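**Student:** dropping a prediction and its sequence here:
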Number of protein chains: 2
Amino acid sequence: MAVTTIPAEIPPATSPGRDTYRHGDLRRALIEAGVELAREGGPAAVGVREATRRVGVTPNAAYRHFVDRLALLDAVCSACQSRVAIAMETEQEAALAVLGGPAAGSPAAPALTDAETRALRARLRFRAVGTGYLRFALAEPGLFGAAFSPSSDLESATSAARAGTTGRTPFELLTAALDDLVAVGVLPSERRPGAEFLAWSAVHGLAALLIDGPLRALDPDQVQSLVGRVVTMVEQGL
Amino acid sequence: MAVTTIPAEIPPATSPGRDTYRHGDLRRALIEAGVELAREGGPAAVGVREATRRVGVTPNAAYRHFVDRLALLDAVCSACQSRVAIAMETEQEAALAVLGGPAAGSPAAPALTDAETRALRARLRFRAVGTGYLRFALAEPGLFGAAFSPSSDLESATSAARAGTTGRTPFELLTAALDDLVAVGVLPSERRPGAEFLAWSAVHGLAALLIDGPLRALDPDQVQSLVGRVVTMVEQGL
DNA sequence: TCAGCATGTGGACAACGTACACATTAGCGG
DNA sequence: CCGCTAATGTGTACGTTGTCCACATGCTGA
């Protein structure tokens, strides 16, 4: 800087958005900037220099909080997975609200036995897992790409930082829905082991093809149809 | 260089592997180098500097043949898709060879009607599409990643550069197998439209989860089991 | 033979990730 | 209240990458 020896009466004036030398919570700020970058350009757009620039800090400051660019990306990834979990949870709530919503007996709806209701709820819950996942992927392709970029592995898949409001990660929401399906007798228990991977494969694959695969630029109606059909395929084929 | 004005009696001596000023077929050489790079480190590892370095040429030479790094990557992508197609074709041949192989009537095998044989062939062919795809993904994760990196779109999906020995791209092999399934009556024709995307989603998603998703580091037996189950899920759920 | 075009070279620039040394501050024991 | 120390941010610098520009070279057809 021009004058290093002067104590500076005016606050350091480094950049708008910060008046103290210390930032306060740089780590969180960098993650948020990284999430924004991911939203705009996917995981590849999450860079140390650009993130620090947006926060108004020197590039090297980031290295006090993240060893690597990859460490930053991993933190961003966790934040994005958390958002996926939240999207899935709200989708579940919306789906189940239809059931309990307009009084117990809706007009012209045949009365359901208790077992039937529970089975229906489990199925709706399971479908919501898949459709919530896909809706998020379509609404926020950049965040979705960052959430499942090759930095996350199974060990950290249950990390609390990746959970939604109910404290469960996307993967845990899926396994819970499948367990429910078994509990109410919709899914035979002998087909349960590994089912999460089959379901996840189908939904994740469709997301990949829709976002930057050969299916981008499909019109929304066809997309919506495909989403429903994939989930149905999983239900029938599990 | 040290002496630019001397015509150089010794051949330019730029680097081992080339003795003429002109390379001869630089474009192809760069693509091959790029494929090798992709094999080692996936699509992200395909760089113009490293590719030209391996070919023994100046970085800028690449720009006479590719406008961009992305253009190079796209060419590499086509080459990789072609290999995927070949893997699928050989898988199909292997699967069908079991049928016609050891004479018409194998021991202790009940005689099949003509329609039954044709249906069986179509199903084997369809399954081979999926298993070939997945086997390639597991055997060559880097090439697989490059083959379906976000540079390829539907328009170029039928390009001849991406075809296998029978002249069909991976996508075309899949649609052909599905058409066959309909022709022999295994798949009801009303479920045919869009089926390629459902099938592709499931298989592609599993590949993604296996390669750099949360399923890497799964032991080979479980992988093999998942591969079979996914294809079965598709068959049943279509 | 020679002009023109395709192809490869050399040098340069901006951006990136990141290592090193230094400056500044917060929070502590005295 | 003072000063020490650890935490945090700054400055400078290096190597690498993609890419632009001007120039050199060699093939090819008039």
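**Tutor:** Received, thanks.
**Student:** and the helices in chain A?
**Tutor:** All helices of chain A, identified by DSSP state H, fall at A:26-41, A:48-55, A:69-100, A:114-139, A:141-147, A:170-183, A:195-211, A:220-237.
**Student:** can you name every helix or strand that the shortest one contacts?
**Tutor:** Counting contacts by 3 or more CB pairs under 8 Å, 6 or more residues apart in numbering or on different chains; DSSP states H and E, helix A:141-147 is packed against helix A:26-41, helix A:69-100, helix A:114-139, helix A:195-211. Bear in mind the C-beta positions are built from the backbone N, C-alpha and C, glycine included.
**Student:** is stretch A:172-179 up against chain B anywhere?
**Tutor:** No. Using CB under 8 Å from any CB of the partner chain, stretch A:172-179 stays clear of chain B, coming no nearer than 11.3 Å.
**Student:** cool, stretch A:201-211 as well?
**Tutor:** Yes. Using CB under 8 Å from any CB, a contact is recorded between stretch A:201-211 and chain B, made by A:201-209.
**Student:** tell me the one of these nearest B:Thr131?
**Tutor:** Of all the residues of stretch A:201-211 next to chain B, B:Thr131 sits closest to A:Ser201, with 14.0 Å by CB to CB.
**Student:** distance of that closest one from B:Gly130?
**Tutor:** 11 Å (CB to CB, to the nearest Å).
**Student:** for the residue in chain A positioned nearest to DNA strand C, give me the backbone phi and psi.
**Tutor:** Among the residues of chain A, A:Gly47 lies nearest to DNA strand C; the distance is 2.9 Å by CB to the nearest atom of the strand. For A:Gly47, the backbone dihedrals are phi -120, psi 150 (criterion: degrees, to the nearest 10).
**Student:** for A:Gly41, which non-adjacent residue is closest in space?
**Tutor:** The spatial neighbour of A:Gly41 that comes closest, neighbours along the chain excluded (CB to CB, 6 or more residues apart in numbering or on different chains), is A:Gly142 at 6.2 Å.
**Student:** out of the helices and strands packed on helix A:141-147, which one sits most buried?
**Tutor:** Per-stretch averages of neighbours, counted by mean count of other CB atoms under 10 Å in any protein chain shown, single out helix A:195-211 among these, with a mean of 25.
**Student:** and that one, how far out from the chain's middle?
**Tutor:** Taking CA atoms, centre = their mean, to the nearest Å, one finds helix A:195-211 lying 14 Å from the centre of the chain it belongs to.
**Student:** and the helices and strands packed on helix A:141-147 as CSV, adding mean pLDDT and distance to B:Leu226?
**Tutor:** Output for the helices and strands packed on helix A:141-147, formatted as CSV (pLDDT from 0 to 100; distance: least, CB to CB, whole Å):
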stretch, mean pLDDT, distance to B:Leu226
helix A:26-41, 98, 29
helix A:69-100, 94, 22
helix A:114-139, 96, 18
helix A:195-211, 96, 6
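**Student:** need those in TSV (columns: distance to B:Ser82).
**Tutor:** Written out in TSV, the entries for the helices and strands packed on helix A:141-147 read as follows (distance: least, CB to CB, whole Å):
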stretch	distance to B:Ser82
helix A:26-41	29
helix A:69-100	32
helix A:114-139	29
helix A:195-211	20
